[in-house]
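Q: Let's see this in three dimensions:
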Amino acid sequence: MGGLATVSPGPVAEVYPGKDVPLGEATLVRRVLPNLGRRLVGPWCFVDHYGPEDVSGRSGMQVPPHPHIGLQTVSWLLAGAVQHHDSLGSDAVVRPGQLGLMTSGAGIAHAEYSPEPHPDLLHGVQLWVALPDAARTESPRWEHHAELPVLTDAGGTATVILGDLAGTASPGTTFSPAVGAELAVAAGAAITVPLEPGFEHALLVLAGTAEAAGTPIVPGAMLYLGCGRAELRVSAVDGPARVLLIGGAPFEERIVMWWNFVARDNDEIVAARAAWNDRSGFGDVPGFDGYRLPAPALPPGRLRPGGSTR
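A: Reported below is the predicted structural model:
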């Protein structure tokens, strides 16, 4: 994964379907990145979309403690609440419209679960950003931003989740040029957002149906737009729509992604897995009595840049 070979230097409109994947003990997600045709969009290397799901009378999200290296996790909710607990001692509840941002650096462990009591509906998206080599040894950190900048257009709004959009920056820490924004488009309306032409971009519909670049998109799929666009018009179809825009400068470094790790070669993955399973690294998440989700067996052969198994 990574490198410039698969980056479209000009505008395109390519639809990539996602796939259903179980997450933790009780949640089914639609994984739209990575997919068989595309592994990264700028530094964004992973996107899971879950819900909307009725979790009334149920445990909701239950993802036990697990480790990360080489990435940032971005938590974004449309409905519900998710509690974040990590090996630094951070303990926060992320709610709709708030940014939960965790930088793993060389290693961190965390758990995500629906707090008790929790709202009846759960709907959100979990994303990863690959860290460039210079930031991979950063100290791990957790950021919780309850207030984010919102841009207003005649057809709706754009909330800047991460990075910069139209000169307006999110308070979340970034290590590569990137953008992540939620576009809320009113029924029968359209919103036009300025883009950085040197970035590659993609869209994911979180709710409703939308159209962009002459292409309809529905939840569960990703529309890859390539590079070279100075602006983008997104229209809501058959009611209001909520659309996630992701993008960034093409990620030049080649990475290996396996389970919850983003690395540069097979040996890093092997070492991280061993440190997690033999408890020689990452630390424990308070409140779980030392319980850790065990790392799965490695696939046969060596993991190489250009592929991912998760």
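Q: Show residues contacting the helix or strand hosting Gly180.
A: Applying DSSP states H and E as the criterion places Gly180 in strand 178-185. If you take CB atoms under 8 Å, 6 or more residues apart in numbering as the criterion, strand 178-185 is touched by 42-44, 74, 76, 127, 129, 155-165, 170, 191, 193, 196, 199, 201, 206, 208, 210, 234-236, 240-249. Placement of C-beta: from N, CA and C, glycine included.
Q: Keep only those of the residues you listed that are in strands.
A: Applying DSSP state E to the contacts of strand 178-185, the entries found in strands are 44, 74, 76, 127, 129, 156-165, 191, 193, 201, 206, 208, 210, 234-236, 240-248.
Q: Check the residues you listed for burial and list the buried ones.
A: Among the ones in strands among the contacts of strand 178-185, the ones that count as buried by 16 or more other CB atoms under 10 Å are 44, 74, 76, 127, 129, 156, 158-165, 191, 193, 201, 206, 208, 210, 234-236, 240-248.
Q: and Met257, bridged to which residues?
A: Note on Met257: beta-bridge partners Val262, Ser308, judged by DSSP bridges.
Q: and it, how far is that from Arg39?
A: Separation of Met257 from Arg39 (CB to CB, to the nearest Å) stands at 8 Å.
Q: more neighbours, the two?
A: Between Met257 and Arg39, counted using other CB atoms under 10 Å, the more crowded position is Met257 (26 against 21).
Q: hang on, the more buried one packs against Leu40?
A: No. Using CB atoms under 8 Å, Met257 is not in contact with Leu40; the gap is 9.3 Å.
Q: The spatially closest residue to Leu245 that is not a sequence neighbour bridge partners, please.
A: Of all residues not flanking Leu245 in the chain, Ala181 sits nearest, at 4.7 Å (CB to CB, 6 or more residues apart in numbering). Ala181 forms beta bridges with Val160, Leu245, as assigned by DSSP bridges.
Q: now do the one 4 residues further on
A: Bridge pairing for Val185 (DSSP bridges) gives the partners Gly156, Ala241.
Q: Please give the number of neighbouring residues around it.
A: Other residues near Val185 number 25, with proximity taken as other CB under 10 Å.
Q: and it, how far is that from Pro11?
A: 20 Å.
Q: could you measure Ala186 against Leu223, distance?
A: Per CB to CB, Ala186 is found 20 Å from Leu223.
Q: out of those two, which sits in the busier spot?
A: Between Ala186 and Leu223, counting by other CB under 10 Å, Leu223 is the more crowded of the two (24 against 16).
Q: Next, that one: phi, psi?
A: Per-residue torsions, Leu223: phi -100, psi 110 (degrees, to the nearest 10).
Q: where do the strands sit along the stretch 1-150 of the chain?
A: Here the stretch 1-150 of the chain has its strands, by DSSP state E, counting those that start in this stretch, at 11-17, 19-23, 27-33, 44-54, 62-68, 71-79, 82-86, 91-94, 99-103, 108-113, 121-130, 141-145, 150-153.
Q: Relative to Leu298, which of these is closest?
A: Closest to Leu298 of those, according to CB to CB: strand 62-68, at 14.7 Å.
Q: What are the contacting residues of that closest one?
A: Contact with strand 62-68 is made by 23-27, 87, 102, 104, 107-114, 260-262, 272, 275-276, 281-282, 284-285, 288, 291-293, 295, as judged by CB under 8 Å, 6+ apart.
Q: Tell me the strands beside that strand, with direction?
A: As defined by DSSP bridges, the strand partners of strand 62-68 come to strand 108-113 (antiparallel).
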